[in-house]
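> pasting a predicted model and its sequence here:
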Amino acid sequence: MKILVVGTGAREHAICQAIHGDADIYSIMSNQNPGIARISQFKIGSEMDIEMVKKYALDMNVDMAIIGPEAPLEHGIVDTLQESGIPCVGPTQQAARIETDKAFMRALFTKHNISGSIAYGSFNTVEDAGEFIDEFAQDVVVKPVGLTGGKGVKIVGEHLKDSEDAKNYVKEIIDNKIGGHAGVVLEERLIGEEFTVQALVDGDHLIPMPAAQDHPHAYEGDQGPITGGMGSYSDKDGLLPFLGSKDYDAAVKVMEETINAVKKEVGPYKGVLYGQFMLCRDGPKLVEYNARFGDPEAMNVLPLMETSMVDLCQGVVDGNLKKAQFKPQATVCKYLVPNGYPENGKAGQPIKVDEEKIKAEGGMVFYAAVNQQDGKVFTTGSRALGLVTTADSIQDAEERCERATQYVQGDLYHRKDVGTEELIFKRILHMKEIRG
Ligand code: GLY
């Protein structure tokens, strides 16, 4: 079986690692990711150059393609590859609107009465949005309708001072078409703890994976700017220390209802569905969907997969997904990122990774936004690499992961608190306060 993996980062490295040994891997990446390069035949090029990807896939005669990032999905890479006879793990352009068009996603929830829905409005004019903000009279979350790489969402009380600030941000989005559209979605501000559920979907059936929690803030104690995610953890029972099975099941039900609704509206959803939820006083509410694996959360679940990922991908494209088994182990992932990230991450800085010593700690390395040149590895400005450990407890995995960080050298930093008992205890207490 020949499989093309599209994408350059740690998420795609984790995908390649999961199919390594069961498939011949081909990859398209924009930089030379050393982890992907060593286990694939690859071509360096933009994953947005869909005609080039198609030609490479046809020239290499691949049997299937797995699409890592969201941007090519928005541009219809799956439609193009499928028209050329290449089945894909990834949704069509229309089905990917679940991520790429936030107004579509919220309207779908309303129309199909999907559970986990929240109060919202979507607007194309500054005036209409302003009226909603005045009438709503509670803190709102302002989201550009389109894709912003996770950096466009602003919340009153966190990034925005008050309603006036929210209106100014709405104007900025609409005037400058931030996210590619002159449109915003305004949502109620949710209070709780965030968690992620990722699932493989074959159009009708959904296989949920262990829950994980990401850490979007740059600095310890959940301080600093929002990043792509500084690290994540998962627990051996597939739940989280603050998330029980009833709430996990409720989140999965939201996702099942969503894929049924997507099928009715635009056709079957095939690929990976990433649900980001807020666990609120009265249960999980949907914050947003991604039409792909999470990054870093892919690194929590893929190393635990006991069922062949190749068989699961075949199930996705054939529409007959069966059960998947995951090792009952906890995981911790810590991202090492260039100093200055996310605003001004330093590019072109050399990093040295002692993979043998990391392995001796039971750790795995997933390379992200780096470039390999003449045998050396350099930063490119964004997150450099994820270190992942698995163990019988989150605490043990965290301690190993932290020890493993000493074997990476470079102008980098990481959050030492991801997966620590102290931070997890804070999450548990927070939920207790909210739920009484
Ligand atoms: N963990 C955030 C994302 O994958 O977008």
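All right, it came through fine.

> for the lengthiest helix in the chain, packing partners?
If you go by DSSP state H, the chain has its longest helix at helix 245-266. Helix 245-266 sits against helix 97-100, helix 102-111, strand 193-202, strand 206-208, strand 270-280, strand 283-290, with contacts defined as 3 or more Cβ pairs under 8 Å, 6 or more residues apart in numbering; DSSP states H and E. All C-beta spots, glycine's among them, are computed from the backbone N, C-alpha and C.

> any idea how far that helix is from the chain center?
18 Å (Cα atoms, centre = their mean, to the nearest Å).

> just the CA atoms of that helix, as PDB, please.
The C-alpha coordinates for helix 245-266 follow below in PDB (Å, rounded to 0.1, in the frame of the first residue of the first chain):
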ATOM      1  CA  SER A 245     -17.300   9.200  31.000                       C
ATOM      2  CA  LYS A 246     -20.700  10.800  31.000                       C
ATOM      3  CA  ASP A 247     -19.300  14.100  29.700                       C
ATOM      4  CA  TYR A 248     -17.000  12.300  27.300                       C
ATOM      5  CA  ASP A 249     -19.900  10.300  25.900                       C
ATOM      6  CA  ALA A 250     -22.000  13.500  25.600                       C
ATOM      7  CA  ALA A 251     -19.100  15.100  23.500                       C
ATOM      8  CA  VAL A 252     -19.000  12.000  21.300                       C
ATOM      9  CA  LYS A 253     -22.800  12.300  20.800                       C
ATOM     10  CA  VAL A 254     -22.400  15.900  19.600                       C
ATOM     11  CA  MET A 255     -19.800  14.700  17.100                       C
ATOM     12  CA  GLU A 256     -22.000  11.900  15.900                       C
ATOM     13  CA  GLU A 257     -25.000  14.300  15.400                       C
ATOM     14  CA  THR A 258     -22.700  16.600  13.500                       C
ATOM     15  CA  ILE A 259     -21.500  14.100  11.000                       C
ATOM     16  CA  ASN A 260     -25.100  13.000  10.400                       C
ATOM     17  CA  ALA A 261     -26.000  16.700   9.800                       C
ATOM     18  CA  VAL A 262     -23.000  17.300   7.500                       C
ATOM     19  CA  LYS A 263     -24.000  14.200   5.400                       C
ATOM     20  CA  LYS A 264     -27.600  15.600   5.000                       C
ATOM     21  CA  GLU A 265     -26.300  19.100   4.100                       C
ATOM     22  CA  VAL A 266     -23.200  18.600   1.900                       C
END
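
> what angle do that helix and strand 270-280 make?
Interaxial angle of helix 245-266 relative to strand 270-280 (axes from the mean of the first three to the mean of the last three Cα atoms, to 10 degrees): 130 degrees.

> if we look at helix 245-266, which residues are touching it?
Outside helix 245-266, the residues within contact range by Cβ atoms under 8 Å, 6 or more residues apart in numbering are 92, 94-95, 97-98, 108-109, 111-112, 114-116, 195, 197, 199, 201, 203-204, 206, 208, 211, 238-239, 268-269, 273, 275, 277, 279, 283-284, 286, 289.

> averaged pLDDT, it. What do you get?
On average, the pLDDT along helix 245-266 is 98.

> of all the residues in that helix, which ones are buried?
Buried residues in helix 245-266, counted by 16 or more other Cβ atoms under 10 Å: 247-248, 250-252, 254-259, 261-262, 265-266.

> do the same with stretch 49-63
The neighbour-count check on stretch 49-63 (16+ other Cβ under 10 Å) flags D49, I50, V53, K54, Y56, A57, V62, D63 as buried.

> helix or strand for the closest residue in space to Y219 that isn't next to it in sequence, which one?
Spatial nearest neighbour of Y219, excluding adjacent residues (Cβ to Cβ, 6 or more residues apart in numbering): R415 at 6.9 Å. Here R415 sits in a region with no helix or strand, counting by DSSP states H and E.

> please apply the same query to the one 10 residues further on.
Assigning secondary structure by DSSP H and E places F425 in helix 421-435.

> which other helices and strands does that helix contact?
strand 193-202, helix 394-404.

> among these, which is the most enclosed?
strand 193-202 (a mean of 24; mean count of other Cβ atoms under 10 Å).

> same list (the helices and strands packed on helix 245-266) but as TSV, adding mean pLDDT and distance to the ligand.
Putting the helices and strands packed on helix 245-266 into TSV (pLDDT from 0 to 100; distance: least, Cβ to the nearest ligand atom, whole Å) gives the following:
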stretch	mean pLDDT	distance to the ligand
helix 97-100	98	9
helix 102-111	97	14
strand 193-202	98	7
strand 206-208	98	16
strand 270-280	98	6
strand 283-290	97	5
